[in-house]
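In: got a predicted structure here, sequence first:
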Amino acid sequence: MAEPDIRFLGERIDRIQAELRELRGVRAEIAHLRAEMHTEISSLRAEIADRHDAASERIDNLEKALDARFDLVHQTMATNLAAILQAIKGGSA
C-alpha cells in the first residue's frame, strides 16, 4: 500500500485554512452589514413614525378647521332664514 503524499495533504490543508480565513472575513462583513441594516431600519421606522404623527396632526387640524367652517355656515344660514321668515311675517301683516 502506498503512503499518502504528505506534501499534497499539506497543500490541501493550507488551501482549506485560507478558505476558512476568507469565510471568517465574510462572516464578519455580513455581521457588520446586518448591524448597519438594523440601524438604518430603526432610523427609517422612527422617521416614518414622525411623519405619520405630523400627518395625523395636520389632518386633525384640518378637521377642526372644517368643522368650525361648517358650524359658521350653519349659523349664518340659520340667521339668514330667521331674517327671511321675519321679513315674510312682517310683510304679510
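Out: Thanks, I have it.
In: for Asp53, give its distance to Ala46.
Out: Going from Asp53 to Ala46 by Cβ to Cβ, to the nearest Å gives 11 Å. C-betas here are computed from N, CA, C, even on glycine.
In: tell me the mean pLDDT over the helix or strand containing Thr39?
Out: Using DSSP states H and E, Thr39 maps to helix 6-92. For helix 6-92, mean pLDDT rounds to 94.
In: chain center to that helix, what's the gap?
Out: Chain-centre distance of helix 6-92: 3 Å, with Cα atoms, centre = their mean, to the nearest Å.
In: what's that helix packed up against?
Out: Applying 3 or more Cβ pairs under 8 Å, 6 or more residues apart in numbering; DSSP states H and E, we find helix 6-92 packed against no helix or strand.
In: against Ala54, how distant is the residue nearest the centre of the chain?
Out: Closest to where the C-alpha atoms of the chain average out (Cα atoms, centre = their mean) is Ile48, at 2.9 Å. Remark: distance between Ile48 and Ala54 (Cβ to Cβ) = 11 Å.
In: swap in Thr39?
Out: 23 Å.
In: what does His38 give?
Out: According to Cβ to Cβ, His38 stands 25 Å off from Ala54.
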